[in-house]
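Engineer: Kindly generate the corresponding structure for this input.
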Amino acid sequence: MKHLFILLLLFITGCASNSTQKFPDEWARFPKPNGNACPDISGKYENIATTPKGESGLNLAWLIIPGSKEKQDLNSIEFNLDPLQESLRVTARSENGALVGSTLSQRNKDFYCKQGSLIIENNEFVNRDGVIAQNWKSYAVAKTADGLVMRYVDSATGLFFLVPIIGSHKYWYLYKQNP
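Structural biologist: Next up is the predicted model:
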């Protein structure tokens, strides 16, 4: 009976994780949003982010451009927003001239705009290795005087060998302007 009680407790206890990183005080502030219009993020930026601690962060091309993970040496990324066509052209380049690109469409719901940020979401259902989960990732980007700032939110809920798991994490990344 004692073992059944412990098993039942493990079953309902689960695991929860939540971390929220504050926006760094030393980074330039976002411009005042113009309703839910898309901010003009057009420009050329470093492909690897800087974190609030000054460390290297996420590879932006890998997050946005399908098939770009094969290109290990991508060092810059360029955005061209066309508000009339409701499209965003993304091109990543390496120092030796290799490039990879993609065009995202607002009409096809590849991105949307809200409160001064352009938002790209990546939702995934996972069912493997004893895990059944739903994972939501959101990349909200806006242009500041420092470059392209991204709020990255990663949330998940699911079961790991029948133990409930819930988690949410929010991080900030800066992709500096690249001349």
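
Engineer: from memory residue 101 sits against residue 90, does it?
Structural biologist: Yes - contact criterion C-beta atoms under 8 Å: residue 101 and residue 90 qualify, at 6.1 Å. Yep, even glycine has a C-beta here, placed from its N, CA and C like the rest.

Engineer: quick one: common contacting residues for the two?
Structural biologist: residue 65 (C-beta atoms under 8 Å, 6 or more residues apart in numbering).

Engineer: Any stretches of the chain with poor pLDDT?
Structural biologist: 1-18 (pLDDT under 70).

Engineer: and residue 101 and residue 90? which has more neighbours close in?
Structural biologist: residue 90 (20 against 15; other C-beta atoms under 10 Å).

Engineer: give me every residue that touches that one.
Structural biologist: With C-beta under 8 Å, 6+ apart, residue 90 has these contacts: 61, 64, 65, 77, 78, 79, 101, 102, 103, 104.

Engineer: Try it again at 10 Å.
Structural biologist: Neighbouring residues of residue 90 by C-beta atoms under 10 Å, 6 or more residues apart in numbering: 60-61, 64-65, 68, 77-81, 100-104, 120.

Engineer: For residue 61, give me phi and psi.
Structural biologist: Dihedral pair for residue 61: phi -60, psi -40, per degrees, to the nearest 10.

Engineer: before we move on, what about residue 60?
Structural biologist: Torsion angles, degrees, to the nearest 10, at residue 60: phi -70, psi -40.

Engineer: Next: residue 64.
Structural biologist: According to degrees, to the nearest 10, residue 64 has phi -110, psi -40.

Engineer: Quick check: it vs residue 100, distance?
Structural biologist: The gap separating residue 64 from residue 100 is 10 Å, by C-beta to C-beta, to the nearest Å.

Engineer: Between those two, which contacts overlap?
Structural biologist: Common contact partners of residue 64 and residue 100 (C-beta under 10 Å, 6+ apart): 77, 90, 92.

Engineer: With respect to residue 145, which of those residues is nearest?
Structural biologist: residue 77 (18.5 Å; C-beta to C-beta).

Engineer: and that closest one, how many neighbours?
Structural biologist: 27.

Engineer: For it, give me its contacts.
Structural biologist: Contacts of residue 77 by C-beta under 10 Å, 6+ apart are 43-48, 59-61, 63-65, 68, 90-93, 100-101, 148, 175, 178.

Engineer: do you know how far it is from residue 163?
Structural biologist: If you go by C-beta to C-beta, the gap between residue 77 and residue 163 works out to 39 Å.

Engineer: Of the contacts of residue 77, select the buried ones using a PyMOL command.
Structural biologist: The PyMOL selection below is limited to those of the contacts of residue 77 classed as buried (16 or more other C-beta atoms under 10 Å):
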select buried, resi 43+44+45+46+47+48+59+60+61+63+64+65+68+90+91+92+93+100+148+175+178
